[in-house]
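Colleague: The following block contains a protein sequence and its predicted model.
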Amino acid sequence: PAARAAVCRAGCWYTATAADAHEMFQTQTGAFGDVEGTLRWESARSYCFEHTEQHIVFVDESNHVAGLVHIHDHPIQVGLCAVRKADVGHVAIRPELQGQGIGTRMMQETVAWLRGEGYHLSRLGGRASFYSRFGYEPFPRRFVQIKLGPVPIGGGSALPASEAFADAGEWPGQVRPYDESRDLEDRTRLRWEYDHGRSGALVVERACHPGRHPAPPDAKALRWIYEREGEVLGYLHAVEAPLESTESETVFTIAEFAYAPAFPDAAGALMRMLLSRICDRGPARVTSRLPFDEALSEALVAAEVPHERLEMHQAMASNMILVANLEATLQAIAPELSRRLAGSLVADWEGAIELSLPAERCMLAVTGGEVCVTEEPVQPDLRLELTQAQFVKSLFGIAALTEMPPARASSLSPTLRGLLDALFPRLQAGSGPWG
């Protein structure tokens, strides 16, 4: 179409439409060598034909797709505020065009587009030596993992998982299959109560959106509700992850999980039910992006569920993060910073802090208990030069700002240390959207 051609002449970039889906699919499967009929081939087909509009395509002089980038919009909570993160993936160039600098131009255009579209952050995974050229920095990943192998019981002895977890245990309440027609409202409420305001977790909706044809309970599904005396207190949904499984190990992933923290038996009962259903599939492993939450870990230990909290720091091929707009990010979270300040021991502090990243610096001013971004020429009480990774760790509470090397190297007064700990503390953050 003429409109499409005009866009192509202007910059060879546009948001993909249904007309591009077939060439997108050919480009992606060709670039990654996906064999027809395999799970990765099927996944590529699903992305290209069912989520076409989530892609940006680069076209050649003949108006054919030369490359594509998938961009998924993720709003991530920072306390009661949120930042907008672009998850970048499936960066693919037609095989015969690789090595001509198209990938470099695509990423340059992508980063510029993200900034123009108002994104605060961007995440991707790939070769660090390539993506670092566009400003991305290595960033950790977090998992909570349960291995279904021999379970140590002391004295050098161990039980096979099929024996250790065969019994789901006895609990004050009952675990039953999820019934969407009666449980959707409670599931929505639990997820909101468990993750609302949790930094690093996706924004959760309180509103319930029932479907026209709710699915009936499925006794074979790994999807349950835990209730006591008619009150729903927990929800778990797990699925097999065929793309991660191998011939020697079956992998399951927990897609959704929430429980009422006042009832730790809900967490324990649901997890033991899951393990009892899959323990004979070993060797197996359960992965999840559950928060690094002390109350949850205590509940799992009480339920005799051994688990690992893993934080992976990769190098050559890595999860990577980019701060697309520092000023806009700080503006988005300023109300949360003011709220944190109000509840601290330094609520009456006034002054300014300058945060500097490799490509951008910004001034936070504190006046009358309000934190805001200022462009006024003021002398800061503290200057911190941070990497993007250090800033984002502090942003989501993965680590406190005072734990970062630049802060540790500064001669912070007790008041300034208290201020940084109030504004950017270590939290029991969510995991997943940023890793």
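Modeller: Now that the structure is in, tell me what you want to look at. Since we're looking at a predicted model, the values are computed, not measured.

Colleague: quick one, what contacts Tyr178?
Modeller: Arg187, Pro217, Ala221, Arg223, Trp224, Ile225, Tyr235, His237 (C-beta atoms under 8 Å, 6 or more residues apart in numbering). Yep, even glycine has a C-beta here, placed from its N, CA and C like the rest.

Colleague: change it to 10 Å
Modeller: When contacts are counted by C-beta atoms under 10 Å, 6 or more residues apart in numbering, Tyr178 touches 184, 186-187, 215, 217-218, 221-225, 232, 235-237, 256.

Colleague: Assign a three-state SS to Trp349, would you?
Modeller: Secondary structure of Trp349, reduced to three states by DSSP: H, G, I helix; E, B strand; the rest coil: coil.

Colleague: Now for the closest residue to it other than its chain neighbours: which residues touch it?
Modeller: In space, and not counting its chain neighbours, Trp349 is closest to Leu419: 5.6 Å by C-beta to C-beta, 6 or more residues apart in numbering. With C-beta under 10 Å, 6+ apart as the criterion, the residues that contact Leu419 are 341, 344-347, 349, 351, 353, 366, 381-382, 401-402, 412-413.

Colleague: now these: which count as buried?
Modeller: The neighbour-count criterion (16 or more other C-beta atoms under 10 Å) marks Leu341, Ser344, Val346, Trp349, Gly351, Ile353, Val366, Asp381, Leu382, Leu401, Thr402, Leu412 among these as buried.

Colleague: what's the distance between the first one and Cys12?
Modeller: Translated: Leu341. Distance of Leu341 to Cys12, given as C-beta to C-beta, to the nearest Å: 47 Å.

Colleague: hang on, the earlier thing: for the contacts of Tyr178, which PyMOL command selects only the ones that are buried?
Modeller: If you want just the buried ones from the contacts of Tyr178 in PyMOL, going by 16+ other C-beta under 10 Å, the selection is:
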select buried, resi 184+186+187+217+222+223+224+225+232+235+236+237
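
Colleague: Just the ones of the contacts of Tyr178 in strands?
Modeller: Secondary structure from DSSP state E places Leu222, Arg223, Trp224, Ile225, Val232, Tyr235, Leu236, His237, Glu256 of those in strands.

Colleague: and the residue nearest to Pro177 when sequence neighbours are not counted, what does it touch?
Modeller: The spatial neighbour of Pro177 that comes closest, neighbours along the chain excluded (C-beta to C-beta, 6+ apart), is Pro217 at 4.0 Å. With contact taken as C-beta under 10 Å, 6+ apart, Pro217 is in contact with Arg176, Pro177, Tyr178, Asp179, Glu180, Ser181, Arg182, Asp183, Arg223, Trp224, Ile225.

Colleague: Tell me the pLDDT of Pro217.
Modeller: Taken from the predicted model, the pLDDT recorded for Pro217 is 92.

Colleague: wait, which of the ones in strands among the contacts of Tyr178 is closest to Pro75?
Modeller: Using C-beta to C-beta, Glu256 is the member of the ones in strands among the contacts of Tyr178 that lies nearest Pro75, at 17.3 Å.

Colleague: List the beta-bridge partners for that closest one.
Modeller: His237 (DSSP bridges).

Colleague: Go ahead and confirm it touches Leu202.
Modeller: No - distance between Glu256 and Leu202: 11.1 Å, which falls outside the contact criterion (C-beta atoms under 10 Å).

Colleague: And the strands in the stretch 301-435 of the chain, which stretches?
Modeller: Counting by DSSP state E, counting those that start in this stretch, one finds strands in the stretch 301-435 of the chain at the ranges 308-312, 317-323, 351-357, 360-367, 370-374, 382-385.

Colleague: picking up where we left off before, any figure for the gap between the residue nearest to Pro177 and Asn63?
Modeller: Following C-beta to C-beta, the distance that separates Pro217 from Asn63 is 50 Å.

Colleague: go on, Ala359?
Modeller: Remark: distance between Ala359 and Asn63 (C-beta to C-beta) = 34 Å.

Colleague: Tell me how many other residues crowd the closest residue to Leu326 other than its chain neighbours.
Modeller: Leaving aside its sequence neighbours, Leu326 sits nearest to Glu360 (C-beta to C-beta, 6+ apart; 4.4 Å). The number of residues packed near Glu360 is 14, by other C-beta atoms under 10 Å.

Colleague: Return the set of residues that bridge with Glu360.
Modeller: Glu360 forms beta bridges with Leu357, as assigned by DSSP bridges.

Colleague: and Glu137, backbone torsions?
Modeller: Backbone geometry at Glu137, expressed as degrees, to the nearest 10, gives phi -130, psi 150.

Colleague: burial measure for it, as a count.
Modeller: Every residue meeting other C-beta under 10 Å relative to Glu137 is counted, giving 20.

Colleague: That one bridge partners, please.
Modeller: Ile321.

Colleague: ok, it - contacts?
Modeller: Glu137 is in contact with 128, 131, 318, 320-323, 357-358, 387-392, counting by C-beta under 10 Å, 6+ apart.

Colleague: repeat that with 6 Å
Modeller: Ile321, Thr387, Gln388, Ala389 (C-beta atoms under 6 Å, 6 or more residues apart in numbering).

Colleague: do Phe424 as well
Modeller: Contact partners of Phe424, counting by C-beta under 6 Å, 6+ apart, are Ser394, Leu401.

Colleague: how about low-confidence regions in this structure?
Modeller: Within the chain, the stretches falling below the threshold (pLDDT under 70) are 1-11.

Colleague: Quickly note the distance from Lys147 to Arg339.
Modeller: Applying C-beta to C-beta, one obtains 40 Å for the distance of Lys147 from Arg339.

Colleague: Tell me which stretches of this structure form helices.
Modeller: Using DSSP state H, the helices assigned to the chain run over residues 2-11, 21-32, 39-50, 102-116, 128-131, 161-164, 180-195, 264-278, 294-302, 326-342, 388-396, 405-409, 414-423.

Colleague: Ala429 is nearest to which of those helices?
Modeller: For those, proximity to Ala429 was assessed by C-beta to C-beta; helix 388-396 is nearest, at 5.1 Å.

Colleague: got the contact list for the closest residue to Leu202 other than its chain neighbours?
Modeller: Nearest residue to Leu202 in three dimensions, chain neighbours excluded: Pro433, at 5.2 Å (C-beta to C-beta, 6+ apart). By C-beta under 6 Å, 6+ apart, the residues touching Pro433 are His74, Ile76, Leu202.
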